[in-house]
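S.K.: Give the three-dimensional model of this entry:
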Amino acid sequence: MTHTNFEIKPLSPQDRNKLRKQYLFAILFLGVASAIFSFIYFFVIKPDDFSGIPIIMFSIFLLFFAGIFSYIFWNTYIDLKRGIKHCFTGAVTDKRVDKHTTKSRSYNTRMGTNTRHKSSRTYYYISIDNNEHSVPYSKYTKVNVNDKVYLESSPKNKEVLAFTILEKNQNPVTIAANTFYSAPFKSKSITKPMRQSEIDLVKKIFFKKVRRTLIYIIVYSILLFTLWQGIFIFLIPVIIAFIYTSIKFLILINKYVKFNRNGNLKQITTIQVTDKLTMTSNTNSTKFRVITNVENIDVSEKIYNKLKANAIIDLHKATFLKNLVGVSIDEGTQYLENL
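M.R.: Have a look, this model is predicted:
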């Protein structure tokens, strides 16, 4: 792996114009926020009719948005005053998607209503030789792990000023000693009997799914019993959900019976890793996703760190059930309990 080539360069006129647009964004943000808060203050809260608590809550939100405006304005000012940009050249070693979800609640005293609001924003990052940088979605989708890229960003505001893919990662396939050519990798599959430890893993996964499905069926059954004498329009979605879950449950049982009846076989599929990314969220646990020429799989951090783009791996799956049991890499097979 090459080391990151880092340089500090002066801002070009185009860079300064791009940064000045942040001023415009901050002013527009302040204008829209001011209009919204003014409307809420004079037409919704009506301070003459309520106690001081809504006014205090309103002031807290106002200070929060004023802080965002000040942060954007100040960081842009510092970047323009310094007049420099950071330039990175290197290989993409990782990618990350971060989904941030926020929940809020508003209460209308006059109407007596309590409203919940949920919003989410997604941020995209790439690591250039293990140094992470935030990039726009349009740039994120164009790169894969091991691509060589060039990135320019402002030191304070981290605004991406330029982004170029210098060299796309190739997929070399060996056909003779010291001879390579680029060609699509062709996956292949074989079927083998499972060992007892693998059968036990399949059973563990199966019964976990059975327990979860039965919980849903019980909940839907209780709702059906409770709503049966109620309004029929509210009963229809519950009936549909109950039928759908029950059919899925029967299909799962049928697949497990076929798996046992056919000798507890597993299908080993040889595939090629094309990309990988980390998926983070403030509401869910971190997922380590590997992109292959066949499908996407979620693995453990340990396996994720071992895999590289273009690596050839074997997926071990239970026949009929299609449960992932293990992943074979250069260091041997890592089973589900380690994934």
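S.K.: okay, CA-based contacts and neighbour counts for the rest of this
M.R.: Noted.
S.K.: residues near residue 319, how many?
M.R.: For residue 319, the neighbour count with other CA atoms under 10 Å is 22.
S.K.: mind checking the SS state of the closest residue to it other than its chain neighbours?
M.R.: Spatially, and ignoring its direct neighbours in sequence, residue 319 is nearest to residue 266 (5.2 Å; CA to CA, 6 or more residues apart in numbering). Counting by DSSP: H, G, I helix; E, B strand; the rest coil, the backbone at residue 266 sits in strand.
S.K.: Report the beta-bridge partners for residue 266.
M.R.: When assigned by DSSP bridges, residue 266 has beta-bridge partners residue 192, residue 318.
S.K.: dump the residue contacts of residue 223.
M.R.: Residues counted as contacts of residue 223 (CA atoms under 8 Å, 6 or more residues apart in numbering) are residue 238.
S.K.: Show me where the stretch 51-200 of the chain has its strands.
M.R.: All strands of the stretch 51-200 of the chain, identified by DSSP state E, counting those that start in this stretch, fall at 84-108, 113-128, 131-135, 148-153, 160-167, 172-176, 179-182, 188-193.
S.K.: Strand 131-135 and the first one, what's the angle between them?
M.R.: Same thing as strand 84-108. On the basis of axes from the mean of the first three to the mean of the last three CA atoms, to 10 degrees, strand 84-108 is oriented at 60 degrees to strand 131-135.
S.K.: Output the below-cut-off pLDDT ranges for the stretch 51-200 of the chain.
M.R.: Applying pLDDT under 70 to the stretch 51-200 of the chain flags the ranges 51-58, 103-119, 170-184.
S.K.: Grab the nearest non-local neighbour of residue 159.
M.R.: Nearest to residue 159 is residue 153, by CA to CA, 6+ apart, at 5.2 Å.
S.K.: Count residues in the vicinity of that neighbour, would you?
M.R.: Residues near residue 153, counting by other CA under 10 Å, number 21.
S.K.: Correct me if wrong: it contacts residue 85.
M.R.: Yes. Taking contacts as CA atoms under 8 Å, residue 153 lies within contact range of residue 85: 5.7 Å.
S.K.: Identify the bridge partners of residue 153.
M.R.: residue 86, residue 160.
S.K.: Next, the contact list for it, please.
M.R.: By CA under 8 Å, 6+ apart, the residues touching residue 153 are 85, 86, 87, 159, 160, 161, 162.
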